[in-house]
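Undergrad: next input, structure requested:
(one chain, ligands or ions: 1)
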Amino acid sequence: MKTENFFKRIQNDFKKAAAKNNTAAALVAKLLTFDRSLAFDVSFQKKNGSSRTVKGYRVQHNNILGPYKGGLRYHADVSMDEIKALSFLMTFKNAVIGVPFGGGKGGIAIDPKALDERELEEMTRSFARQLAPHIGPEKDVPAPDMNTNSKIMAWIADEYGKITGRPAPAVVTGKPIELGGSEGRLEATGYGGTYALLAILKFLKKKPENFTVAIQGFGNVGQHAGKSLRQNGFKVAAISDSKGGIYVPDGISDSDIKALVEYKAETGNLFNKRMMGQMIAPEEVLTLPVDIIVPAALENVIHKGNVRGIRAGIILEMANGPTTSEADKILVENGVMIIPDILANAGGVAVSYFEWFQNMRNERWTKKEVFSKLKKKMEQAVNDVYKIHREKKVTLREAAYMLALERIQAKWLKK
Ligand code: NAD
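TA: This next block holds a predicted model:
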C-alpha cells in the first residue's frame with residue numbers, strides 16, 4: 001500500500017472537515033497524534049527447528065469514544081506507517097457508524113502463505129503474549145483483517161485467557177461462532193454496503209431494479225456484496241478478481257453468482273468457462289457502462305489514469321481508500337456520487353460491536369436479529385451523513401468526516 005499518500009489523503013479529509021466544523025484546535029491537535037504506537041519483535045520456531053523473528057505492530061490512535069478497535073493484518077507490506085494510517089481511519093469509521101469504540105489497528109509484516117499451520121499458530125501466540133498487556137475487552141479489542149481469520153482470533157483469545165487467568169472472549173471479535181463469535185459477522189461488510197446503498201437510493205427516490213452494478217474483488221466483501229445486491233434487486237453485470245473478470249450486460253443470475261462463489265472456493269479462480277458472458281481484464285470492471293461500481297479489493301484503484309473512463313454515476317467504496325484524491329476531485333466535478341469507505345464498509349465493525357456486546361452481556365443473537373440490527377445501523381448512519389451532505393452542501397465523504405468529528409468532539413467535551 002502506498003501508505004504515505006493514503007495517510008496524507010485521510011489526514012487531509014479530516015483537516016477539511018475540522019475546518020468546516022470549527023473543531024476545537026486542541027482536539028484537532030490531539031487527533032493528529034497517536035496515543036500509543038507499539039512495535040514488537042515476534043519470535044517463533046520454524047518447522048526446521050530454527051528461530052525466526054518478525055515485526056509486529058499495534059497502534060492505538062485514540063479512545064475518546066471507547067476502547068480501541070480495529071483489525072490485525074498479516075501481510076509482507078505491513079509497516080508502522082500503514083498501521084498508523086489504518087488506525088486513524090478506524091477512529092472516524094467507528095464514529096460514523098456509531099459504535100462506542102476508538103481507533104486501533106495492528107499487524108505483522110509477514111506473508112502468512114509462506115508459513116505452515118503450526119508456524120502460523122506459534123507466531124500468533126507469540127504476538128498475543130506481546131499484545132496481552134495492551135489489549136482487553138475494555139481496553140483494546142482486535143479483530144480479523146487482511147489474511148487473518150476466526151481461527152487466528154481464537155488463538156489470541158486463548159493466549160490472552162491463559163495470561164490473565166480467566167477466559168475473556170470479548171478481547172477479540174471475529175471469533176468462531178462456537179467460541180463466542182457472532183452470527184452474521186462473515187457477511188456483515190458486504191451486506192452492510194448493500195444496506196447503505198439502498199438507504200441512499202431511498203433519498204434519490206430510485207429503485208434498485210433500475211441499476212446495473214460492477215464489482216471489483218471477489219473475496220469476503222465482494223462475494224457477500226454481490227449476493228446481497230442481487231437479492232435486493234440490483235442487476236450485477238460484472239465481477240472481477242485479481243486474475244480476470246466476467247461481464248454479463250443483462251446481469252448475472254442468483255444461481256450463477258452462487259456457482260461463481262463455489263467455483264472460486266474450489267479452484268481459487270473466478271474465470272468460469274461454464275458461464276455465459278464476456279471475459280474481461282481485472283481493471284476493466286471499473287470502466288464498464290454500468291450505473292454503479294463497487295471497488296471491493298484494493299486501495300488506490302481509481303486514479304488519475306483511469307478516472308476519465310469511469311461511466312458509473314455512483315461508487316460504493318467497499319475497499320478502504322480505493323479512490324485517490326486526484327480522482328476524487330474529478331469524479332465530484334463530474335457529478336459522480338461517492339459513498340465513502342468509512343460509511344460503506346462500516347458494516348464489519350458494526351457487527352464486531354454486536355459480537356463484543358453479546359459477549360459482555362452473555363447473549364446470543366440469531367442471524368436474523370443481527371442482520372436486522374445491522375440494517376438499522378447502516379440506515380441511521382446514511383441518514384445522518386446525508387442530512388449533513390444536504391444541509392452543508394458537501395460531498396458524502398466530507399459529510400461523513402464532519403459527522404464523525406461532531407460525535408468525537410461531543411464526547412471529548414464531556415471528558
Ligand atoms: P479478500 O482478501 O477476501 O478479497 C480480496 C479480493 O480482491 C480477492 O478476490 C482478490 O482476488 C481481489 N483482487 C485483488 N487484486 C485485485 C485486482 N487488481 N483486481 C480485481 N480484484 C482484485 O479481502 P476482503 O476481506 O474481501 O477485503 C476487500 C477490501 O475490503 C479491502 O480493502 C479491505 O480492507 C476492505 N474491508 C474489508 C472488511 C472485512 O470485513 N473483510 C471490512 C472493511 C473493509
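
Undergrad: where does residue 229 fall, secondary structure wise?
TA: Element membership for residue 229 (DSSP states H and E) is helix 220-231.

Undergrad: same for that helix, what does it pack against?
TA: helix 188-204, strand 212-216, strand 235-240, helix 254-267, strand 292-295 (3 or more C-beta pairs under 8 Å, 6 or more residues apart in numbering; DSSP states H and E). Glycine gets a C-beta too; all of them are placed from N, C-alpha and C.

Undergrad: relative to helix 188-204, how tilted is it?
TA: 40 degrees (axes from the mean of the first three to the mean of the last three C-alpha atoms, to 10 degrees).

Undergrad: okay, buried residues for helix 220-231 please.
TA: For helix 220-231, the buried set under the neighbour-count rule, 16 or more other C-beta atoms under 10 Å, comprises 220-230.

Undergrad: check those residues against the ligand, which are close?
TA: Contacts with the ligand within the buried residues of helix 220-231, as defined by C-beta under 6 Å from any ligand atom: 220-222.

Undergrad: neighbours around the closest residue to the ligand within the stretch 151-300 of the chain, how many?
TA: Nearest to the ligand in the stretch 151-300 of the chain, going by C-beta to the nearest ligand atom, is residue 219, at a distance of 1.7 Å. Residue 219 sits with 14 neighbouring residues when counted by other C-beta atoms under 10 Å.

Undergrad: pLDDT weak spots in the stretch 251-400 of the chain?
TA: Judged by pLDDT under 70, the stretch 251-400 of the chain has its weakly predicted residues at 271-276.

Undergrad: show me the strands in it, by range?
TA: Along the stretch 251-400 of the chain, counting by DSSP state E, counting those that start in this stretch, strands occupy 278-280, 292-295, 314-316, 337-339.

Undergrad: want to throw these into a markdown table with distance to residue 40 and mean neighbour count?
TA: Formatted as a markdown table, the strands of the stretch 251-400 of the chain follow (distance: least, C-beta to C-beta, whole Å; neighbours: other C-beta atoms under 10 Å):
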| stretch | distance to residue 40 | mean neighbour count |
| --- | --- | --- |
| strand 278-280 | 43 | 15 |
| strand 292-295 | 32 | 29 |
| strand 314-316 | 36 | 24 |
| strand 337-339 | 36 | 21 |
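
Undergrad: in TSV: those strands, plus distance to the ligand.
TA: Compiled in TSV, those are given as follows (distance: least, C-beta to the nearest ligand atom, whole Å):
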stretch	distance to the ligand
strand 278-280	10
strand 292-295	8
strand 314-316	11
strand 337-339	13
